[in-house]
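**Q** Whatever this is, show me its structure:
(2 chains)
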Amino acid sequence: MIKFSKRQLKTPKMQRPVYLVTGGMSKFGRSIPEKRTEELVIDSFVEAAKFIDKSPAELKEYIHSCYYGHFADHFGDQLLGESVIHDRLGLDPLGNIGIKTGGATGGSTLWEAFKAVASGYSDCVLAMGWERMDEVPTDEGNNYIASAADKDWETPLGHIYTGYYAVMAQKYWQVFGKEEDSFRQTMAEIAVKNRGYARMNPHAQGPMDITVDDVINSPVVAYPLRALDCCLMSVGAACAILCDEKTANELTNNPLEIHVAAGSHTLRVADRRDMEIPLLPNESEDMYKDLGDRFPGGDRYPGFTGFLAARMAAYYGYRMAGVIDPTEDFDLVELHDAFTISDIQTYEDIGIRPYGEGRTYVESGDCYLTNPKTGEPGKLPSNLSGGLIGNMHAVGATGIMQAIEVGQHIWGRWAEMHEPQSKWDLFGRSKPDDWTNLQVDDAKRGLAISHAGVGSHVTATILVHPDHQLERNES
Amino acid sequence: MSTNDRGTVKVENGRYRFKGKFHYGYPNDPIRNEDGELMGITNPRDLTHVHMYGGEAPFFEGLGQGKLLGTRCDDSNCEANGSIFIPFRIHCPDCLSKNTIIDMTETAQKGATVHTFMITERTGAFNTLPKPIRFVNVEFEGVPTILMGYLSVGEPKIGMKVVPIFNTTNPTYTILDLSWVPEETNETELPEGFTFG
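**A** Okay, the predicted model is just below:
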C-alpha cells in the first residue's frame, strides 16, 4: 500500500476513556535459572497489587479479561504458554488471549487491553507480558530470533536478526550520519546514558558506568554497530492493570489516562515501496522538500532509513491524545533503543526531531534528566529506566515495562519503586553508592514506543495525568 | 545422528509421501547447581520440518538454473499496474491479483547496485555461510523493491555495481543459491558451485 485512504488515516475514536491503574515488574536478568516463568509473572502481579495497597486476591476480583504478551513460543518450548500463566495466576475462567508482534509484543498487549476496556467489553483487564530467552545457548537464541524474519528470503542468510536490521543502520549511518566521527560519538552517548540510568534501577540487568570511548572500542557486531550499541537478551515479566473511569477510581485515587495506537510495515525491508512522508501535527510538507539535497540519498521514504510503523503509531496516537509537539507536550519518553542508531531513527519517526536531525536530540542534551550542557532539567528525558540497552529486553514484557516506568514518574513514585534497599537485596543486586533519584519533576504526560525488529510493528502508548489533558481536535 | 535414514518427502496425487525418519529423541539429562541440587532437565531432540514453496517454487527452482525471477502486476485496474516485485510476490500487494512471472536475470546483470550492506562475524545456529557474511541489499533499475542477499567476492560499498551469481552445480533450492559479486568479477573467482548462470 503506497497511498493511504482517508478511512485508513482516521483518528481512532474510543467509546470511553481508559486508565492505567497500576503496574508491576519482576527482576530482569540474562538468565534466572532459579525461577519458572510463572513465578516471575506472579512477582510482577504481586508488585502491581501492592502498588495500590491491594492484595493479589483483591485485585484479581476486579479483572474481567486478560491479555498476554509472549513473543516466542519456541524460546519457552511451550505452546499455549498463556494458558499455563493464566492458570498459575488463578484467573480461570476469565477469557484470555495471547498476543505476539515480535519486539512490539508488550506494546501490542497494551493495545489489545486498551481496546477491550474502551469498547466496554471489560471494566478492568490484565495486560501481562513475559519472555524467557535463557533456555538455549546464545547462537540458538539468535537463530530463534532470526526465525521472526522471512524464513525463505532472510533467515537462511546467517540466521542472525541483527544483520537484517544492520543494513538499515548502515544506510542511516552513511546518509544521515554522513559517517562522521561526531555522529558515532552521539550514538555512543546514548549507550552511555542508558546504561548509566540503568545503574539506578534494581530491576535492570545491564547497568554499566562507561564512557563514549568504551562504546567506540567495544567489539564490532555489524559495523557501525558495536557490542555496547546493542540491547540485551532477557528473562522477566511486567504487567499493567487498565480500567474504565469508574473502576479505576475504585482501585486508586490517581489513575492515568492511557491511549495506545499501532502501526505496521512489511516484515521484509526489501518489500518497502516509496511513499510521501505521512506528516505529524508538528510537521509541514515544506520541511522535507530539500531533504535529498541536505542528505544525498535521503529522499527515498521510508527506504531503509525510516520506520513507517513508528511514524504511523505516532500519527494515530498523537491525534488521539491531542499531542502537537512531542518535545513540548511530553515530560519524558521511553523509547525502544534496540540499537543506539535505531533510537536516533525513532526520534525522527515520532517527531521529536524532523527527519535527518535526530542526532540533535542527544547533542542538545534534551534527552537527559539533567542537560549536561546547561545543568538545567532536560527538555524530554528518555529511557530513564535504562531502556533495552541498560534495563532489559524480555520481549513480551518490554513495552509494558516502559509504560510502567513512565507511569511511575507521572505518579511521582519513581523513587519509591527504585530506591528501597530491600528491593536491591531481593534481586541480589548492589545498590550503587551514588544512587540518584531520577524522578522527573512534575511529570504530567509521557510516551512509550514499543517496536518490532526492522519495524514490522510499532505501538505508541501515551499516558496523561487526568488534570493535564491536552485539547483534542475531534474533526 | 545418522543421516542415512533421514526423512525425505514426495508429493503424489496431492498428498505427502514420507519416507525415513523425521525425528530423533534422546534421554533427558538433569541440570544441577554447584550444590548438587536439581534445577531442571535438558530436552534434546532433532526433527525435520516439511515446507512447501507454493507459488514461489518457480523462483527457487529458477536460481539453480541460473535465473532470477520476479513478478509484475498486470492488472490494468490496479494503481500498481506495471510494478515489478523482487522479492518475488505471488500476488500484487495492492489489488491481490495474481502477478505475472518475469525473468529479471538480464536486468540484474545490467543494472544492479548496492543500496546498503553490512558485514558481520556473528551468526545464529544453523548458519551455513562462510564468515564474515557480507549482506548486500540490491536495487534494480525500474524496480521499487530492494532485494537482500550476500556478496561472495570483494568488499561491499553503497552504489557499487554488482551482478548475480547462482549455485547451478549443486543447488540447495534456498535463497543461498543466489549471491552477488562486483561487476567484472572473473568466473574463476566465484565460490565453488557458482556460475554467472
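**Q** tell me the average confidence for the helix or strand harbouring residue A:184?
**A** If you go by DSSP states H and E, residue A:184 is part of helix A:181-198. Mean per-residue pLDDT for helix A:181-198: 98.
**Q** what packs against the helix or strand just after it?
**A** Note on helix A:181-198: by DSSP H and E, the next helix or strand toward the C-terminus is helix A:212-216. Here helix A:212-216 touches helix A:181-198, going by 3 or more C-beta pairs under 8 Å, 6 or more residues apart in numbering or on different chains; DSSP states H and E. In short, each C-beta sits where N, CA and C put it, glycine included.
**Q** How about residues contacting the helix it packs on?
**A** With contact meaning C-beta atoms under 8 Å, 6 or more residues apart in numbering or on different chains, helix A:181-198 is reached by A:173, A:177, A:204-216, A:224, A:228-229, A:337, A:340-341, A:343-344, A:359, A:362-363, A:367-369, A:383-387, A:389-391, A:438.
**Q** what's near enough to touch the closest residue to chain A within chain B?
**A** Proximity of chain B to chain A (C-beta to the nearest C-beta) peaks at residue B:124, 3.3 Å away. Applying C-beta under 8 Å, 6+ apart to residue B:124 gives the contacts A:139, A:140, A:141, A:142, A:143, A:144, A:145, A:146, A:158, A:159, A:160, A:161.
**Q** Could you point out the helix or strand that follows the host helix or strand of the fourth one?
**A** It stands for residue A:142. Taking DSSP H and E as the criterion, residue A:142 maps to helix A:138-146. Sequence order places helix A:161-175 as the next helix or strand after helix A:138-146, per DSSP H and E.
**Q** Just confirm yes or no for that following helix near chain B.
**A** Yes - contact between helix A:161-175 and chain B, assessed by C-beta under 8 Å from any C-beta of the partner chain, occurs at A:161, A:162, A:163, A:164, A:166, A:167, A:168, A:169, A:170, A:171, A:174.
**Q** So the last one is in contact with residue B:158, correct?
**A** Yes - in this structure residue A:174 lies within contact range of residue B:158 using C-beta atoms under 8 Å: 5.8 Å.
**Q** can you list residues touching both of the two?
**A** The contact lists of residue A:174 and residue B:158 share A:297, B:116, where a contact means C-beta under 8 Å, 6+ apart.
**Q** More neighbours: these two, which one.
**A** Higher neighbour count among residue A:174 and residue B:158: residue A:174, with 21 against 16, using other C-beta atoms under 10 Å in any protein chain shown.
**Q** what number of residues lie near residue B:36?
**A** 7.
**Q** Need the nearest residue in space to residue A:74, chain neighbours excluded.
**A** residue A:144 (5.4 Å; C-beta to C-beta, 6 or more residues apart in numbering or on different chains).
**Q** Same question for residue B:144.
**A** residue A:273 is the one closest to residue B:144 (C-beta to C-beta, 6+ apart), at 4.5 Å.
**Q** Show the contacting residues for that neighbour.
**A** A:2, B:83, B:144, B:145.
**Q** Can I take it that it is in a strand?
**A** No - counting by DSSP: H, G, I helix; E, B strand; the rest coil, residue A:273 is located in no strand; its state is coil.
**Q** Could you report the pLDDT at it?
**A** Here the pLDDT value assigned to residue A:273 is 92.
**Q** and of the residues of helix A:161-175 next to chain B, the nearest to residue B:26?
**A** Distance to residue B:26 across these (C-beta to C-beta) is lowest for residue A:161, with 28.3 Å.
**Q** Surely that closest one touches residue A:453?
**A** Yes - here residue A:161 reaches residue A:453: they are 6.3 Å apart, a contact under C-beta under 8 Å.
**Q** State the pLDDT value of residue 147.
**A** Using chain A here. Looking at residue A:147, its pLDDT stands at 94.
**Q** Correction: the question concerned chain B.
**A** For residue B:147, pLDDT reads 97.
**Q** For it, list each beta-bridge partner.
**A** Beta-bridge pairing of residue B:147 under DSSP bridges involves residue B:138.
**Q** residues near it, how many?
**A** 28.
**Q** Kindly report the same for residue A:279.
**A** Residues within reach of residue A:279, counting by other C-beta under 10 Å, total 14.
**Q** Next, find the distance separating the residue located most distally from the centre of chain B from residue B:28.
**A** Most distant residue from the mean C-alpha position of chain B: residue B:35, 47.1 Å away (C-alpha atoms, centre = their mean). Between residue B:35 and residue B:28 the distance is 21 Å, computed by C-beta to C-beta, to the nearest Å.
**Q** same deal with residue A:12?
**A** Residue A:12 is 49 Å from residue B:28, by C-beta to C-beta.
**Q** Please say which of these two ends up with more neighbours.
**A** Ranked by neighbour count (other C-beta under 10 Å), residue A:12 and residue B:28 place residue A:12 first, with 15 against 11.
**Q** so the more buried one touches residue A:320, yeah?
**A** Yes - counting by C-beta under 8 Å, residue A:320 is a contact partner of residue A:12 at 5.7 Å.
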